[in-house]
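# Give me a 3D structure for the following:
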Amino acid sequence: MREDGGVDETMRLVIITGMSGAGRRTAAHEMEDLGWYVVDNLPPSMLFNLLNLAEESGWHKVAVVVDVRSRELFEQMGGIFARLATLSVSVEVLFVEANDNVIVKRQESSRRPVPLQGDGRLLDGIERERRMLSSLRASADLVIDTSNLNVHQLATRVSHAYGDNYSVIRVTVLSFGFKNGLPVDADLAFDVRFLPNPHWVPELRPQTGLSEAVSSYVLQQPGAEEFLGQVSDLFTTMRPGYVREGKRHVTLAVGCTGGKHRSTAMSEELGRRLRSEDVAVEVMHRDLGLE
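Model (predicted):
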């Protein structure tokens with residue numbers, strides 16, 4: 001902190017939080033590998049001492065893992081954010097989550113209860129945790145749903161969002177299949193089921209939207225070019241507003257029936273177009289291989 005009580009304007013603080021079993025520690029380990037100063041389950045009274053220590057030590061990227069074990073921190077979160085604002089600290093919230101079935105499988109595999117389970121069922125603890133975290137999730141800068149991600153894919157998402165090549169705004173273009181549900185971490189979701197389905201073309205059925213044959217088939221369909229242009233224009237319109245509001249991470253989801261052909265091809269092309277506009281883009285395919 002400076003002599004006037006403020007923290008250097010380059011200081012960035014990321015609060016890593018989310019559901020037990022969703023991947024908080026994987027996210028924290030990746031950020032540590034990226035050069036962030038990471039502390040797990042810090043008592044709230046020590047947060048400002050930590051920032052002071054980080055400043056003195058030359059660490060200007062600090063991440064703190066917060067979960068429901070830190071109940072005191074959740075009670076004080078509003079006041080903490082207000083004080084951080086007066087110190088000119090750039091604060092971001094990374095929220096990781098997964099659906100109940102996935103969390104149950106992960107916790108049963110590790111043979112560990114969730115923090116709020118008590119003497120009740122595992123699902124009871126998960127429900128209590130979701131309620132406690134609901135307001136923090138609603139205010140999160142970046143939500144990552146790890147239900148269909150392995151640890152390496154989660155690490156990639158974190159690296160894209162918080163790596164050294166930091167830009168004002170970063171975009172994840174995510175393909176998905178509607179039959180597997182809407183991505184809960186999508187900021188904007190688009191439906192490309194209006195395009196003919198390559199599934200009904202025998203020679204294209206076994207291929208994916210990553211193949212040249214399927215990609216060409218999809219992109220040449222009436223409406224595909226207009227759709228891509230309008231989505232690009234929409235993001236161009238919204239981008240300055242996101243920047244003004246301090247939103248640094250945006251997830252654009254593109255869906256078809258199964259997430260294999262149309263959404264994959266269109267997501268790859270949308271990502272290419274956004275990169276040509278100097279946007280930091282990562283393209284991911286949530287449901288590819290699930291069909």
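
# pretty sure V192 contacts M266?
Yes - look at V192 against M266 with CB atoms under 8 Å: they come within range, at 5.1 Å. Glycine gets a C-beta too; all of them are placed from N, C-alpha and C.

# Please enumerate the shared neighbours of these two.
Common contacts of V192 and M266 (CB atoms under 8 Å, 6 or more residues apart in numbering): F227, V254.

# Spatially, and excluding backbone neighbours, which residue is closest to V158.
Excluding the flanking residues, the one nearest V158 by CB to CB, 6 or more residues apart in numbering is E30, at 4.3 Å.

# Could you do V39 as well?
V64 is the one closest to V39 (CB to CB, 6+ apart), at 5.3 Å.

# Are we agreed that the one you found is in a strand?
Yes - assessed with DSSP: H, G, I helix; E, B strand; the rest coil, V64 lies in a strand.

# any idea how far it lies from A155?
19 Å (CB to CB, to the nearest Å).

# okay, the two: which has more neighbours?
Set V64 next to A155 and count neighbours by other CB atoms under 10 Å: V64 wins out with 23 against 19.

# Output the contacting helices and strands for the host helix or strand of the residue nearest to V158.
E30 is located in helix 24-33, with elements delineated by DSSP states H and E. When contacts are defined as 3 or more CB pairs under 8 Å, 6 or more residues apart in numbering; DSSP states H and E, helix 24-33 packs onto strand 12-18, strand 37-40, strand 61-65, strand 90-97, helix 151-162.

# Measure how the fourth one sits relative to helix 151-162, angle-wise.
Angle of strand 90-97 versus helix 151-162, following axes from the mean of the first three to the mean of the last three CA atoms, to 10 degrees, is 160 degrees.

# quick one, what contacts the residue nearest to V158?
Listed by CB under 8 Å, 6+ apart, the contact set of E30 reads L154, A155, V158, S159.

# what's around the third one, how many residues?
If you count neighbours by other CB under 10 Å, V158 ends up with 27.

# Surely it is in contact with M31?
Yes - the criterion here is CB under 8 Å, and V158 meets it with M31 at 6.2 Å.

# Let me have the helices and strands packed on helix 24-33 in a markdown table, extended by distance to S139 and mean pLDDT.
Formatted as a markdown table, these follow (distance: least, CB to CB, whole Å; pLDDT from 0 to 100):
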| stretch | distance to S139 | mean pLDDT |
| --- | --- | --- |
| strand 12-18 | 10 | 92 |
| strand 37-40 | 21 | 92 |
| strand 61-65 | 16 | 92 |
| strand 90-97 | 6 | 92 |
| helix 151-162 | 17 | 90 |
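
# for the protein, what spans make up the strands?
Here the chain has its strands, by DSSP state E, at 12-18, 37-40, 61-65, 90-97, 142-145, 170-177, 188-191, 249-256, 280-285.

# Against V218, how distant is R205?
From R205 across to V218, the span is 13 Å (CB to CB).

# okay, and the common contacts of these two?
Common neighbours of R205 and V218 (CB under 8 Å, 6+ apart) are P198.

# These two: which has the busier surroundings?
V218 (25 against 13).

# ok, the more buried one touching A265?
Yes - shown here, V218 and A265 form a contact pair, counting by CB under 8 Å, at 4.1 Å.

# quick one: contacts of stretch 47-64?
Contacts of stretch 47-64 (CB under 8 Å, 6+ apart): 1, 7-8, 10-16, 28, 31-32, 35-40, 42, 80, 83, 87, 89, 162.

# Pull out the buried residues from those.
Among those, those buried by neighbour count (16 or more other CB atoms under 10 Å) are 1, 7, 11, 13-16, 28, 31, 36-39, 42, 80, 87, 89, 162.

# one step back: nearest to W200, of the strands of the chain?
For those, the distance to W200 is smallest for strand 249-256, at 12.7 Å, taking CB to CB.

# Only the C-alpha atoms, please, for the closest one, written as PDB.
Written as PDB, here are the backbone C-alpha positions of strand 249-256 (Å, rounded to 0.1, in the frame of the first residue of the first chain):
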ATOM      1  CA  HIS A 249     -14.600 -12.000 -19.700                       C
ATOM      2  CA  VAL A 250     -17.400 -12.800 -22.000                       C
ATOM      3  CA  THR A 251     -18.700 -16.300 -23.000                       C
ATOM      4  CA  LEU A 252     -20.500 -16.500 -26.300                       C
ATOM      5  CA  ALA A 253     -22.300 -19.900 -26.700                       C
ATOM      6  CA  VAL A 254     -23.300 -21.300 -30.100                       C
ATOM      7  CA  GLY A 255     -25.600 -24.300 -30.000                       C
ATOM      8  CA  CYS A 256     -27.000 -26.900 -32.400                       C
END
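
# ok, so what distance separates D145 from V102?
9 Å.

# Please consider this matter closed, and thank you.
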